[in-house]
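In: what follows is a protein structure lacking sequence information:
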């Protein structure tokens, strides 16, 4: 059995220090299976993968290994809705109920949903893990729910509900599920290896998630009785390896948290947004739509994350001006418009973001 961590891929000579950091993370055991991709000034400059797909360390991480990226999913789900906005089929200030008959919260708009200010941060009816496979049940629960605050007046990351709210809007307007819309309207034209609701062949490419620390689920869930814990715990199982590594999770569309992707795909998506909505000569959305998508829509305390957040339409803006989204366990995708690069890190090793910080610092040191 292989015990030393395999390392593959490329890094342009200028970005050799980034490769060195990635290699050290693997050698130290801080990382056991992951991939990193960086696109600078429109050109791929880093595409590394290393470690193993499985906890038993028998299957090396490959260039086409898919992994569950948790909330890295949310901007991808939002982009599906923004494509419809760009085409004039959906308005950001449309009431959700105008497109979704039976949606009780009549003062919730599309903009509120995309910016995490809709007031529906948790599913209202307790459900078991099996409910992740029942789209109609969960969207029905949301349709009948009352908001927890006046929409637009507060924010809380809609940890598990976000994808069902966005996805049902897309389905009501377009007729396709969010997973199919993503595959046909975004992934295919932009050549992105990612998706919601994987088929059997793609599930065989998936890395198994594993805990970097046995206490990771408890620490990640947060205080008992908090909105943070409540938002993550219903339906049950989002932090349970027996659920997230299983075929029901991988084969279902849970667009807030179960995008399965390669690092290259996530970095390419952000590179396209950084270029104003065009990638490989294919324009997906207009520059004005991208500009509105990355504009801060809400700035203030986030009731679920319990810290200040600047929310755009699906992403967060950091102090350095970069925009993107992190996912539980250390996954992240973002664009830095000041330095001109797109960055993605996807991992099967559920731990903190220290790995991302070290790699991003190395990229920033190279670029200056």
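Out: Great, that's in hand. These numbers come from a predicted model, not from an experiment. Numbers count the residues shown, from 1 in each chain.

In: poorly predicted segments of this structure, please.
Out: 1-3 (pLDDT under 70).

In: spatially central residue for it, please.
Out: The chain has residue 72 as the residue nearest its centroid, 1.5 Å off, counting by Cα atoms, centre = their mean.

In: before we move on, which element is residue 249 in?
Out: helix 247-251 (DSSP states H and E).

In: ok, residue 83 next?
Out: Counting by DSSP H and E, residue 83 is found in helix 73-86.

In: and that helix, what does it pack against?
Out: helix 110-114, helix 162-174, helix 178-181, helix 263-274, helix 287-293, strand 323-327 (3 or more Cβ pairs under 8 Å, 6 or more residues apart in numbering; DSSP states H and E). All C-beta spots, glycine's among them, are computed from the backbone N, C-alpha and C.

In: which of those sits closest to residue 53?
Out: helix 263-274 (13.8 Å; Cβ to Cβ).

In: and the helix or strand following that closest one, which strands flank it?
Out: Past helix 263-274, further along toward the C-terminus, the next helix or strand under DSSP H and E is strand 278-279. Under the criterion DSSP bridges, strand 278-279 sits next to strand 282-283 (antiparallel) in its sheet.

In: contacting residues around the partner strand?
Out: 189-190, 277 (Cβ atoms under 8 Å, 6 or more residues apart in numbering).

In: can you pick the most crowded of those?
Out: Ranked by the number of neighbours (other Cβ atoms under 10 Å), those place residue 277 first, at 22 neighbours.

In: contacting residues around it?
Out: 86, 283-287, 289-290.

In: now it: how far from residue 289?
Out: Computed as Cβ to Cβ, to the nearest Å, the residue 277 to residue 289 distance reads 7 Å.

In: what touches both of the two?
Out: With Cβ under 8 Å, 6+ apart, residue 277 and residue 289 have common neighbours residue 86.

In: now do the contacts for residue 250.
Out: By Cβ under 8 Å, 6+ apart, the neighbours of residue 250 are 68, 198, 203, 206, 258, 260.

In: so the second one, which state does it fall into?
Out: Here residue 198 is recorded as coil under DSSP: H, G, I helix; E, B strand; the rest coil.

In: and it, what does it touch?
Out: 66, 206, 250-251, 260.

In: let me have the residues you listed in TSV, extended by distance to residue 218.
Out: Listed next are those as TSV, based on distance: Cβ to Cβ, whole Å:
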residue	distance to residue 218
66	27
206	25
250	24
251	28
260	25
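
In: number of residues surrounding the residue lying closest to residue 255 once chain neighbours are set aside?
Out: Distance criterion Cβ to Cβ, 6 or more residues apart in numbering; nearest residue to residue 255, sequence neighbours excluded, is residue 163 at 2.7 Å. By the criterion of other Cβ under 10 Å, residue 163 has 28 neighbours.

In: go on, residue 291?
Out: With other Cβ under 10 Å as criterion, residue 291 counts 11.

In: from residue 21, how far off is it?
Out: 33 Å.

In: where does residue 58 land in three-state SS?
Out: Residue 58 - assigned by three-state DSSP - is coil.

In: that one touches residue 52, doesn't it?
Out: Yes - counting by Cβ atoms under 8 Å, residue 58 touches residue 52, with 7.1 Å between them.

In: neighbour-wise, which of the two wins?
Out: residue 52 (24 against 10).

In: so how far is residue 62 from that one?
Out: Taken as Cβ to Cβ, the span from residue 52 to residue 62 is 10 Å.

In: what does residue 146 give?
Out: Where residue 62 is concerned, residue 146 sits at a distance of 47 Å (Cβ to Cβ).

In: those two: which has the busier surroundings?
Out: Set residue 146 next to residue 62 and count neighbours by other Cβ under 10 Å: residue 62 wins out with 15 against 9.

In: picking that back up, the residue nearest to the centre of the chain is in contact with residue 343, isn't it?
Out: No - the criterion here is Cβ under 8 Å, and residue 72 misses it with residue 343 at 11.5 Å.

In: what do these two both touch?
Out: The contact lists of residue 72 and residue 343 share 332-333, where a contact means Cβ under 8 Å, 6+ apart.
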